[in-house]
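predicted coordinates and the sequence they were generated for:
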Amino acid sequence: MTEEFVLVKKLVDKYGTDREALMPILQAAVAEKRYLSEAIMNEIADQLDISPAQVYGTATFYTFLDVKPRGKYVIRLCKSIIAEMKGKKEIQRAIENTLKIKTGETTPDNMFTLLETNDIGWSDAEPSMLINEIPYTHLTVDKVINILNDYRIK
Amino acid sequence: MNSTNKNLKKTDIIFGDCGCSDSGKFPILADAIKKDPDLIIDEIIESGLKGRGGAGFPTGLKWKFAAVQRNPEKYVICNADEGEPGTFKDRDILLKVPEKMFAGMAICGNVIGAKEGFLYLRGEYLFMLPKLNEILDKFHVGIKELGYDFHISIRQGSGAYVCGEETALIESMEGKRGEARNKPPYPVAEGFRGKPTVINNVETFVNVAMIQKYGVEAFKKLGTQDSRGSKVFSVSGDTPIPGVYELELGMKLSDFVDEFGDGDTKAVQVGGASGFCVPRKHFEDTIIGFEGIPTGGSMMLFNSTRSMYNVLNNYLEFFADESCGQCTPCRVGCQQLVIGIKAIKNGEKEAEYLDTLLKLTDSMKITSKCGLGQSVANAFSSIVENFKEEMIY
């Protein structure tokens, strides 16, 4: 039994094999593995008895269902116009310099991935970002560096 | 908020304490489920309540259309896929008064004859899940004690703006790409799992619960003839007091700017990226409401230091990102608009090319399949026409 089989079997037991179960299964798989590998998508297709193209097509539609390898902590920095006005670029540079990666990249130790994303619902508290599902708001350069350091020693 | 502007009418209905969930009981719901469903529909129609997500469809009529369907299987869906740039009011409702929203959903279930409801929660708000589930557990115990059979589950989104469109949301809940369906049939006839479905915004469900609590007459006293009630606004941008505010509908934009502006407001984007940009010269003659410019709540203020080209460019890149891609006018149109305004700014295209782009947005308005592509023209034409020099130079 492959690792993928075991994981998908666990999710299928929880959510069922209907097409409707596909989203919760994909979401749970991402929560566990940070991204959807080809092997996992094939396994999901197999156990839900649908084509891998259906699984891939659905997964790639959604920004948060990553199909590329991601770090343990996925940083999604808000790029709305309000975020831009409130200093998003400065925060972005601070994260890039601290982690020594560019936006879109993952640190070599697979700890962090830095991405940009559309409005995350905190325009009254920009700049803002999500780290996995947790929002961080009113970011300053010092604050964001501290947050990253806290995650490093987690 | 201590309003300095007497024309701006503050209200505290949505967030106010109404004893809605005291000791796990839901008195509004207890009263509502004893009432004749037709009476509740008549009350909501009479109240003049229109959907608070942005589109503004009369809520009572929507419920009536679903109620008359003979199908024994129906669904209630709460749309918490708040993704419009500059909107965050549903976030506060979900964090502060979710009981009112759940009560509104259960009232809807009773009125249309649905036993099951869903909260479609945007992926960006997953941090709320533990708390919401806890409240939902109490809610289920509460309604069971009332002897009423209605169950609500939470489904998650995964970062797709277009899933706020009701038929795209249904596709997503069915495990598919969130691509909008052709309408008709409307969800009230064929929605989730092909069954009659009412989809309303978070704030709309809260309003229904509050109409049941305070009565139709109290609701009708708020707002104007065309825009009944209060509205929760998300105020952001160049303002000293960004945040969530509940105000009566039908106010003048100039009064709004007096209250929230920084003294140098040059434009307000009303209704988010899919809404309209109003320049300073029109603040006085613009009404916020269905008789003027309606809004799902997003109010972004820009002062004179801001480049409206950057604003438009940001919105267009947003639309190009979020277009689902199934229909050509929206998919290609959004991409070409981004390329087009950059080319004009860089001097690669003549200023007259803006007219060509305006014609393109007109075509997108007529030919796009859903509200996303149809509404790109709103921001585009209102920014380009009012700030033409900023687009060119």
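Nice, thanks for sending it over.

CA atoms for contacts and neighbours, from now on please.
OK.

name the residues of chain B found near chain A, please.
By the rule CA under 8 Å from any CA of the partner chain, the part of chain B lying against chain A is B:82-88, B:91, B:123-127, B:155-156, B:158-160, B:172-178, B:234-237, B:242-243, B:300, B:310-311, B:314-315, B:318, B:324.

quick one, helices of the stretch 51-200 of chain B?
For the stretch 51-200 of chain B, applying DSSP state H, counting those that start in this stretch gives helices covering B:59-67, B:89-96, B:98-112, B:129-145, B:166-173.

buried stuff in the third one?
Residues of helix B:98-112 classed as buried under the neighbour-count rule (16 or more other CA atoms under 10 Å in any protein chain shown) are B:98-112.

rounded mean pLDDT for that helix, please.
In this model, helix B:98-112 carries a mean pLDDT of 96.

what's the angle between it and helix B:89-96?
Calculated by axes from the mean of the first three to the mean of the last three CA atoms, to 10 degrees, helix B:98-112 forms an angle of 100 degrees with helix B:89-96.

by contact count, what packs against helix B:98-112?
helix B:27-32, helix B:37-47, helix B:59-67, strand B:75-80, strand B:116-121, helix B:129-145, helix B:202-214 (3 or more CA pairs under 8 Å, 6 or more residues apart in numbering or on different chains; DSSP states H and E).

how about the fourth one?
Contact here means 3+ CA pairs under 8 Å, 6+ apart; on that basis helix B:129-145 packs against helix B:98-112.

from the chain's centre, how far out does the helix it packs on sit?
Here the centre of helix B:98-112 is set off from its chain's centre by 18 Å, with CA atoms, centre = their mean, to the nearest Å.

mean neighbour count and mean pLDDT added to the helices and strands packed on helix B:98-112, as a markdown table?
Formatted as a markdown table, the helices and strands packed on helix B:98-112 follow (neighbours: other CA atoms under 10 Å in any protein chain shown; pLDDT from 0 to 100):
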| stretch | mean neighbour count | mean pLDDT |
| --- | --- | --- |
| helix B:27-32 | 20 | 88 |
| helix B:37-47 | 18 | 97 |
| helix B:59-67 | 22 | 98 |
| strand B:75-80 | 26 | 98 |
| strand B:116-121 | 22 | 98 |
| helix B:129-145 | 15 | 94 |
| helix B:202-214 | 24 | 96 |
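
can you give me the helices in chain A?
Along chain A, counting by DSSP state H, helices occupy A:3-15, A:22-33, A:38-48, A:52-61, A:81-85, A:88-99, A:141-152.

so which bits of the longest one are buried?
Pointing back at helix A:3-15 there. Across helix A:3-15, burial judged by 16+ other CA under 10 Å covers A:4-5, A:7-9, A:11-12.

wait, which of those residues is closest to residue B:260?
Distance to residue B:260, by CA to CA, is smallest for residue A:11 among these, at 48.5 Å.

hang on, the closest one packs against residue A:25?
Yes - with contact defined as CA atoms under 8 Å, residue A:11 reaches residue A:25; the gap is 5.9 Å.

now do the same for residue B:3: its pLDDT.
Here the pLDDT value assigned to residue B:3 is 53.

typo on my end, residue A:54
Note for residue A:54: predicted pLDDT of 97.

OK, contacts around residue A:8?
A:25, A:29, A:40, A:43-44, A:47 (CA atoms under 8 Å, 6 or more residues apart in numbering or on different chains).

of those residues, which is the most crowded?
With neighbours taken as other CA atoms under 10 Å in any protein chain shown, the top of those is residue A:44, carrying 27 neighbours.

I'd say that residue and residue A:54 touch.
No - between residue A:44 and residue A:54 there is no contact under CA under 8 Å: 10.3 Å.

list the buried ones in stretch B:186-205?
In terms of neighbour count (16+ other CA under 10 Å), stretch B:186-205 has its buried residues at B:186-193, B:195-205.

identify the residue nearest residue B:208 in space, chain neighbours excluded?
Excluding its sequence neighbours, the residue lying closest to residue B:208 (CA to CA, 6 or more residues apart in numbering or on different chains) is residue B:104, at 5.7 Å.

surely that neighbour and residue B:206 touch.
Yes - if you go by CA under 8 Å, residue B:104 and residue B:206 touch, sitting 5.7 Å apart.

dihedrals phi and psi, the residue nearest the centre of chain B?
In chain B, the C-alpha nearest the mean C-alpha coordinate belongs to residue B:53, at 1.9 Å (CA atoms, centre = their mean). Dihedral pair for residue B:53: phi -80, psi -20, per degrees, to the nearest 10.

quick check: it touching residue B:205?
No - the pair residue B:53 / residue B:205 is not scored as a contact, 10.7 Å apart, by CA under 8 Å.

which ones are touching residue 118?
Picking chain A for this. Counting by CA under 8 Å, 6+ apart, residue A:118 touches A:78-80, B:85, B:318.

wait, I meant chain B there
B:75-78, B:152-155.

nearest to chain A, of those residues?
Chain A lies nearest to residue B:155 out of those, by CA to the nearest CA, at 7.8 Å.

what's the spacing between the closest one and residue B:133?
To residue B:133, residue B:155 is 11 Å away according to CA to CA, to the nearest Å.

go on, residue B:301?
Residue B:301 is 35 Å from residue B:133, by CA to CA.

cool, and residue B:35?
In this view, residue B:35 and residue B:133 are 28 Å apart by CA to CA.

same check, this time on residue B:295
30 Å.

so what's residue B:237 scoring on pLDDT?
For residue B:237, the predicted pLDDT is 98.

now it, which residues is it bridged with?
Beta bridges link residue B:237 to residue B:301, judged by DSSP bridges.

and residue 93, how many residues sit next to it?
All of this is about chain A. 16.

I was thinking of chain B, sorry if that wasn't clear
There are 20 residues near residue B:93, going by other CA under 10 Å.

do the same with residue B:302
Applying other CA under 10 Å, we find 25 residues neighbouring residue B:302.

repeat for the one 4 residues further on
Look at residue B:306: counted by other CA under 10 Å, it has 15 neighbours.

now the strands for the stretch 251-393 of chain B?
Along the stretch 251-393 of chain B, counting by DSSP state E, counting those that start in this stretch, strands occupy B:251-252, B:265-270, B:276-279, B:287-288, B:298-303.

mind listing what's buried in the third one?
With burial defined by 16+ other CA under 10 Å, the residues of strand B:276-279 counted as buried are B:276-279.

do stretch B:221-241 as well
Buried residues in stretch B:221-241, counted by 16+ other CA under 10 Å: B:222-224, B:227-239.

low-confidence ranges in the chain?
You didn't say which chain, so I picked chain A. Nowhere does chain A drop to pLDDT under 70.

wrong chain, I was asking about chain B
Counting by pLDDT under 70, chain B contains low-confidence ranges at B:1-4, B:20-25.

how about the residues of chain A near chain B?
Going by CA under 8 Å from any CA, the residues of chain A near chain B are A:19-24, A:27, A:57-59, A:61-65, A:80-82, A:85, A:118-125, A:130, A:133-135.

mind checking which of those residues are buried?
For these, a burial check counting by 16+ other CA under 10 Å picks out A:19-24, A:27, A:58-59, A:61-65, A:80-82, A:85, A:118-125, A:130, A:133, A:135.

for residue A:111, what are its contacts?
By CA under 8 Å, 6+ apart, the neighbours of residue A:111 are A:71-73, A:152.
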